[in-house]
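Asks: here you go, sequence then predicted model.
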Amino acid sequence: MRWKDRRAIHPTGTMFLCAMRVLFGIRWVAHRLLYHLPMNAARDAMDHVATHAMQLRSDQDLRWLDDHFAPDVDARGVTFPVTRRCEFLAGRYCAQQALQQIVSPPIPWIPAGHDRSPRWPDGIVGSITHTTDYVAAAVARSDRIGALGIDSESLLPATVVREMAALVAYPEELALFRSAAPSLAEARVAVTLCFSMKESLFKCLYPLTQRYVDFLSAQIIAVHAETGTLRLTLCAAWSDRFPAAWACDGGFRLDGSRVHTWVALPASSRRMPS
């Protein structure tokens with residue numbers, strides 16, 4: 001399965017989203033989201049990252065977000081279904097709030113490119129993520145952080161885990177999580193973490209590679225539960241700059257029924273090799 005096709009089997013697809021929102025509704029509570037990487041180099045990198053997150057819990061959110069972004073939204077022809085529109089606008093709101101921490105004057109709108117990925121202002125890297133009721137954005141100056149990817153996922157249902165496990169994770173990866181800590185041993189947690197971690201890696205590298213790849217083109221090769229860090233390597237070349245066996249560090253955090261993951265690369269990753 002390629003990352004471009006991931007929503008086809010992901011439980012946060014349109015029908016699942018609609019059902020969840022009918023059952024639980026949507027109401028937002030904005031708060032500061034802190035992604036902590038205990039490893040020294042990674043922690044230093046994340047010190048340069050500004051973040052903002054919000055929870056969605058009532059249909060009043062969409063009206064509030066519409067009012068907040070009008071007339072920008074209508075001028076840009078944002079015509080998603082209601083649930084998708086709410087997620088989209090919430091992501092832009094979080095990005096806007098995070099950007100206000102590092103740039104001035106405020107950025108009124110983050111447009112989408114032809115591939116639907118955010119088009120960040122010059123000199124900025126960033127990433128947006130959302131689940132059924134949670135949205136977050138992280139941004140940084142590109143002279144401090146070369147590439148950035150974050151992802152948050154609700155724990156996958158057991159039925160979905162059985163279908164997805166072989167598509168997103170190697171058996172060795174699941175074994176690493178089982179041996180790392182009891183809290184990571186459950187299949188739902190391990191598979192969701194594999195999925196989310198590779199989502200973060202893809203979001204981090206896609207702006208530099210402009211290439212869609214399979215989930216199994218990357219592999220988690222080390223997990224450190226006590227620090228919430230892990231190491232990933234590429235099983236195939238993603239580009240000339242990111243060949244097979246290239247490796248990087250990432251971080252993760254469990255938050256009840258949700259997981260958060262992230263990858264941040266140094267500014268030097270944006271420079272072409274000599």
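Replies: Sure thing, it's come through.

Asks: now the strands for the chain?
Replies: Ranges of strands within the chain are 29-31, 50-55, 124-130, 134-141, 145-154, 218-224, 229-234, 247-255, 258-266, based on DSSP state E.

Asks: now the angle between strand 258-266 and the second one, please.
Replies: Calculated by axes from the mean of the first three to the mean of the last three CA atoms, to 10 degrees, strand 50-55 forms an angle of 160 degrees with strand 258-266.

Asks: so what are the sheet partners of strand 50-55 and their directions?
Replies: Strand 50-55 has its sheet partners listed here by DSSP bridges as strand 29-31 (antiparallel), strand 134-141 (antiparallel).

Asks: what's the burial count for Ala166?
Replies: Neighbours of Ala166 under the rule other CB atoms under 10 Å: 13. Bear in mind the C-beta positions are built from the backbone N, C-alpha and C, glycine included.

Asks: now do Met197
Replies: Using other CB under 10 Å, Met197 is surrounded by 28 other residues.

Asks: show me what contacts the closest residue to it other than its chain neighbours?
Replies: With sequence-adjacent residues excluded and distances taken as CB to CB, 6 or more residues apart in numbering, Met197 is closest to Thr261, at 4.6 Å. With contact taken as CB atoms under 8 Å, 6 or more residues apart in numbering, Thr261 is in contact with 150-152, 193, 196-197, 199-200, 250-253.

Asks: likewise for Ala50?
Replies: 98-99, 101-102, 138-140.

Asks: now Gly91
Replies: 118, 128-130, 135, 137.

Asks: export these to TSV and append columns for distance to Pro81.
Replies: Converted to TSV, the contacts of Gly91 look like this (distance: CB to CB, whole Å):
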residue	distance to Pro81
Pro118	20
Ile128	18
Thr129	19
His130	14
Val135	16
Ala137	21
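
Asks: lowest pLDDT pick from those residues?
Replies: Ranked by pLDDT, these bottom out at His130, which scores 89.

Asks: if I look at that residue, how far off is Leu99?
Replies: Distance, His130 to Leu99, by CB to CB, to the nearest Å: 17 Å.

Asks: out of those two, which sits in the more crowded spot?
Replies: More neighbours surround His130 than the other of His130 and Leu99, with 24 against 21 (other CB under 10 Å).

Asks: before we move on, the earlier item: beta-bridge partners for the residue nearest to Met197, please?
Replies: Asp151, Phe252.

Asks: that one and His114, how far apart?
Replies: Counting by CB to CB - Thr261 and His114 are separated by 26 Å.

Asks: same question, Ala244
Replies: 28 Å.

Asks: before we move on, the earlier item: which stretch in the strands paired with strand 50-55 is the model least sure about?
Replies: strand 29-31 has the lowest average pLDDT among the strands paired with strand 50-55, namely a mean of 34.

Asks: any stretches of this protein with poor pLDDT?
Replies: Across the chain, the ranges flagged by pLDDT under 70 are 1-47, 59, 70-79, 271-274.

Asks: for it, which helix is longest?
Replies: Longest among the helix segments of the chain by residue count, using DSSP state H, is helix 187-209.

Asks: how about it: buried residues?
Replies: The neighbour-count check on helix 187-209 (16 or more other CB atoms under 10 Å) flags 187, 189-209 as buried.
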